[in-house]
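Undergrad: Task: produce atomic coordinates for the following.
(chains A and B)
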Amino acid sequence: MAQLKLSGVKKDFGGVEVIKGVELDIEDGEFVVFVGPSGCGKSTLLRLIAGLEEISGGTLEIDGKVSNDVPSRDRGIAMVFQSYALYPHLTVAENMGFSLSLRKTPKAEIDKSVLQAATILKLEHLLDRKPSQLSGGQRQRVAIGRAIVREPSIFLFDEPLSNLDAALRMETRTEIAKLHRDLAATMIYVTHDQVEAMTLADKIVVLKGGVVQQVGAPMELYRNPCNAFVAGFIGSPRMNLLKVDVTSVEDGKVRLAQPGFEHLVVPSGRVSGPGKALLGVRPQALTLNPGPHQVSGTVTLVERMGPETVISIRQADGSPLLAVLPGDVELALDANVSFSFADTDVRLFPASDLEN
Amino acid sequence: MKTSRIWQMVPLLAPVQLLLLSVIVIPSVYVIWLSFHTSTFGQSASFVGWGNYVQVLTDPGFHSALWNTVVLVVVAVHLEMLIALGMALLFNSGLWFRRILFVAVLAPYAVSEVVGVAMWRFLFDPDVGPVSNLLAALHLPLLEWSYEPSHAMIMIAILTIWMHLPFTFVIIYAARLALPSDLYEAARIDGATPLQSFYRVTMPLLGPAILVALLFRYIFAFRLFSEVWLLTGGGPARTTEVVAVYLYQEAFTFSAFGPAAATAWIMVIVSMLLASGYIYLLRRQVRNAG
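TA: Numbering: from 1, shown residues only, chains lettered A, B, ... in the order given. Below is the predicted model:
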């Protein structure tokens, strides 16, 4: 069990700053997910916490103790790597008990801890195998087992599911969630998959370019994204961001110039004056029923999934738009369609959000 | 395949077969025949059975040559392995000027053995050699390799290590480069000190490469010839003779072709024993890995 506090944490590699001052509090027993596109610094941030990289600036506190220079082995952490990083010359049992054998723990005690972890993960029948004799999913479970045996106060996961196939990924995700419930340890999990983030996290940290964009509970991020990047990243399929012109801002309400949006009044959010802006509409908020606010275009693709239908359209200005309609909807390609949406389903962001 | 097809192929394969036959098969068979006969210049060979083998195996000269060979193999090959391992780990830990140093380390392999020995002879020349002069200036003991047998053996060992280090180094270094870095990160998090990482991760994983390099080197070193022949010629007074030099002396100094042929076959059999040990271990590894 442990709390973490990151204050102004920075990391640069030969003058290139990849983590630009991260402030973050992680509570005891919390499941925190770092999410972002590749190169956003999420793995680096995890490695800074693990002690695999040196922190260039700021402080990392574990349980109130500044731990910048504490070696990995004394931080009370265990890590599960994307590549599993199992020792190929050791059996499953030896892999799992490696940390204990380094500490010269008596063999009987090691065997007991290993068996306990193996039982949790249903690995008992594989204890004598070498990693090369295991499937990807089994290797992943061994890597998790190795972490459990250490009885760490913080579990670190670095994209643990990205080498597994879809079915196995879902199964392992459920197992990790269950593990968190049973062990009640603090867990930090890195992924680029927003579905994993939404389903596992107590708290999501969205990163972009080494900067934290937003921290919050999954539904909080889904409902109130602080900027267009978070809005586009959280939720699947991604939120539509329509380019609009703001004509006036009055009493925190905005009016737009676009045809079809004349009657739309939206909260201004961070938009302060007339000019370009982005209007975020989730694909699920669009309906074929007529309404006061409309977007229209020609159908370019219809994906019929059964319980829902994903429709891609191209608007008059050439920009794409996605709509997700419940049930099975038949629409011809190149047909003209109009979708409507409610005032309450849109968010306005400054156009500058998607620059840089 | 039809017999007629095979006969059509024979002319195309014949040149290689003839070459192999003439430089390997016929000489080998001839040496076997020779090893059961006494033969020298101007005398017709006469059959002596196992006589030559008995003579060689009971000759004190052969014993001392065998002893010298074993000492050189054991000392030089293992010392060389330690140096190669140390250097491979040093290179891997991020060395300055790594490319230039890499070329420097590999250079001895590009130098002809004769040139290499001539160079070392000059460097350690008791009168004008720069290294000898330096040792003298520092009041350190000189390497009196030209008349002190134990010094000559040290000199031979240094020379053979220098000459074959690139081979051992490249095998170990390549094996070390192939080890993924996240294993070491996992070990660090598991609580391993750098020394524990070395003993519990690096060494077991380098094991197969070390084994391969060692066995190759045992076989090469057992046939050690040019370093000894060019440096001391087996002297002073045959004290630094190795098995290959013994064979050469028997054949071309004493013109005793029978015992020389027997020595040659003893060397082949010992090399084959080493090689079969190597193949056995290799097969076991392949089976374990699969």
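Undergrad: where does chain B have low pLDDT?
TA: Scanning chain B for pLDDT under 70 picks out the ranges B:1-2, B:285-290.
Undergrad: what does it put close to chain A?
TA: B:180, B:182-183, B:185-192, B:196, B:200-201, B:204-205, B:207, B:289 (CB under 8 Å from any CB of the partner chain). Where C-beta positions appear, they are placed from N, C-alpha and C, glycine not excepted.
Undergrad: switch to 7 Å and redo it
TA: B:180, B:182-183, B:185-186, B:188-192, B:196, B:201, B:204-205, B:289 (CB under 7 Å from any CB of the partner chain).
Undergrad: tell me the two of the residues you listed that are most distant?
TA: B:Gly191 and B:Ala289 (27.7 Å; CB to CB).
Undergrad: So between these two, which is more surrounded?
TA: B:Gly191 (18 against 10; other CB atoms under 10 Å in any protein chain shown).
Undergrad: what number of residues lie near the closest residue to the more buried one other than its chain neighbours?
TA: Closest residue in space to B:Gly191, ignoring its immediate chain neighbours: A:Arg73 at 3.7 Å, by CB to CB, 6 or more residues apart in numbering or on different chains. A:Arg73 has 19 neighbours, counted by other CB under 10 Å.
Undergrad: quick one on the thing from earlier: show me the residues of chain B next to chain A that map onto strands.
TA: If you go by DSSP state E, those have nothing in strands.
Undergrad: For ChimeraX, what selects the buried ones among those residues?
TA: Restricted to buried positions by 16 or more other CB atoms under 10 Å in any protein chain shown, the ChimeraX selection for the residues of chain B next to chain A reads:
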select /B:182,183,185,186,188,189,190,191,192,196,201,205
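Undergrad: Filter the residues of chain B next to chain A down to just the ones in helices.
TA: B:182-183, B:185-186, B:188-189, B:196, B:204-205, B:289 (DSSP state H).
Undergrad: all helices of the chain, in order?
TA: Answering for chain A, as no chain was given. So, for chain A - with DSSP H - the helices run A:42-50, A:92-102, A:107-120, A:136-149, A:166-183, A:194-200, A:218-223, A:228-233.
Undergrad: meant chain B actually
TA: B:3-20, B:26-35, B:51-58, B:60-92, B:98-106, B:113-123, B:130-137, B:149-177, B:181-189, B:194-197, B:203-222, B:226-231, B:243-248, B:257-289.
Undergrad: My guess is B:Trp162 contacts B:Ala107. True?
TA: No: in this structure, B:Trp162 is not within contact of B:Ala107 by CB atoms under 7 Å, at 10.1 Å.
Undergrad: Who has more neighbours out of those two?
TA: B:Trp162 (17 against 10).
Undergrad: What is the burial count for the closest residue in space to the more buried one that isn't next to it in sequence?
TA: Distances taken as CB to CB, 6+ apart place B:Pro108 nearest to B:Trp162, at 5.6 Å, with adjacent residues excluded. Per other CB under 10 Å, the neighbour tally for B:Pro108 reads 18.
Undergrad: Quick one: residues contacting the residue nearest to B:Gly191.
TA: Neighbouring residues of A:Arg73 by CB atoms under 7 Å, 6 or more residues apart in numbering or on different chains: B:188-189, B:191.
Undergrad: avg pLDDT for stretch A:346-356?
TA: Averaged across stretch A:346-356, pLDDT comes to 82.
Undergrad: Just the buried residues of it, please?
TA: A:346-351, A:353.
Undergrad: Tell me how far stretch B:17-24 lies from the chain's centre.
TA: 25 Å (CA atoms, centre = their mean, to the nearest Å).
Undergrad: Just the terminal-to-terminal distance for that stretch.
TA: 10 Å (CA to CA, to the nearest Å).
Undergrad: got it, and stretch A:23-37?
TA: Span of stretch A:23-37 from end to end, CA to CA: 19 Å.
Undergrad: Go through that stretch and flag the buried ones.
TA: Buried residues in stretch A:23-37 (16+ other CB under 10 Å): A:24, A:26, A:29-36.
Undergrad: give me the number of residues near residue 195?
TA: You didn't say which chain, so I picked chain A. A:Val195: 13 neighbours (other CB under 10 Å).
Undergrad: my bad, chain B
TA: 8.
Undergrad: how's chain A carved up into domains?
TA: A:4-231, A:237-354 (automatic domain parsing).
Undergrad: Tell me how far the residue nearest to B:Gly191 lies from B:Asp182.
TA: In this structure, A:Arg73 and B:Asp182 are 16 Å apart, going by CB to CB, to the nearest Å.
Undergrad: how about stretch A:3-11: buried residues?
TA: Under the neighbour-count rule (16+ other CB under 10 Å), stretch A:3-11 has A:3-6, A:9-11 buried.
Undergrad: pLDDT check: weakest of the residues you listed?
TA: A:Gln3 (88).
Undergrad: and the gap between it and B:Ile279?
TA: Look at A:Gln3 and B:Ile279: by CB to CB, they are 59 Å apart.
Undergrad: Could you export the helices of chain B as JSON lines, including distance to A:Leu134?
TA: Below are the helices of chain B laid out as JSON lines (distance: least, CB to CB, whole Å):
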{"stretch": "helix B:3-20", "distance to A:Leu134": "46"}
{"stretch": "helix B:26-35", "distance to A:Leu134": "49"}
{"stretch": "helix B:51-58", "distance to A:Leu134": "53"}
{"stretch": "helix B:60-92", "distance to A:Leu134": "28"}
{"stretch": "helix B:98-106", "distance to A:Leu134": "36"}
{"stretch": "helix B:113-123", "distance to A:Leu134": "49"}
{"stretch": "helix B:130-137", "distance to A:Leu134": "56"}
{"stretch": "helix B:149-177", "distance to A:Leu134": "23"}
{"stretch": "helix B:181-189", "distance to A:Leu134": "16"}
{"stretch": "helix B:194-197", "distance to A:Leu134": "23"}
{"stretch": "helix B:203-222", "distance to A:Leu134": "18"}
{"stretch": "helix B:226-231", "distance to A:Leu134": "49"}
{"stretch": "helix B:243-248", "distance to A:Leu134": "49"}
{"stretch": "helix B:257-289", "distance to A:Leu134": "14"}
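Undergrad: Flag every residue of the stretch 101-250 of chain A that's near chain B.
TA: A:102-103, A:132.
Undergrad: go with 6 Å
TA: Within the stretch 101-250 of chain A, the residues that sit near chain B (CB under 6 Å from any CB of the partner chain) are A:Leu102.
Undergrad: How about the stretch 101-250 of chain A: which residue is closest to chain B?
TA: A:Leu102 (5.0 Å; CB to the nearest CB).
Undergrad: ok, that residue to B:Tyr199 distance?
TA: Distance from A:Leu102 to B:Tyr199, by CB to CB: 10 Å.
Undergrad: hang on, the earlier thing: out of the residues of chain B next to chain A, which one sits closest to B:Ala264?
TA: Using CB to CB, the residues of chain B next to chain A come closest to B:Ala264 at B:Ala289, 36.9 Å.
Undergrad: Just the closest residue of the stretch 1-150 of chain B to chain A, please.
TA: B:Gly94 (13.6 Å).
Undergrad: Against B:Asp59, how distant is that residue?
TA: On the measure of CB to CB, B:Gly94 and B:Asp59 end up 53 Å apart.
Undergrad: So for the two, which sits in the more crowded spot?
TA: Neighbours per residue, other CB under 10 Å: of B:Gly94 and B:Asp59, the larger number sits with B:Asp59, 16 against 7.
Undergrad: What residues does the residue nearest to the more buried one when sequence neighbours are not counted make contact with?
TA: Distance criterion CB to CB, 6+ apart; nearest residue to B:Asp59, sequence neighbours excluded, is B:Pro259 at 7.7 Å. Going by CB atoms under 6 Å, 6 or more residues apart in numbering or on different chains, B:Pro259 touches B:52, B:55-56, B:250.
Undergrad: Same check on B:Arg217?
TA: Counting by CB under 6 Å, 6+ apart, B:Arg217 has contacts B:Val77.
Undergrad: do you know how far it is from B:Met163?
TA: B:Arg217 is 11 Å from B:Met163, by CB to CB.
Undergrad: buried sites along stretch A:140-156?
TA: A:140-150, A:152-156.
Undergrad: Next, count neighbours for residue 124.
TA: Since you didn't name a chain, this refers to chain A. Other residues close to A:Glu124 by other CB under 10 Å number 12.
Undergrad: ah, I was thinking of chain B
TA: 22.
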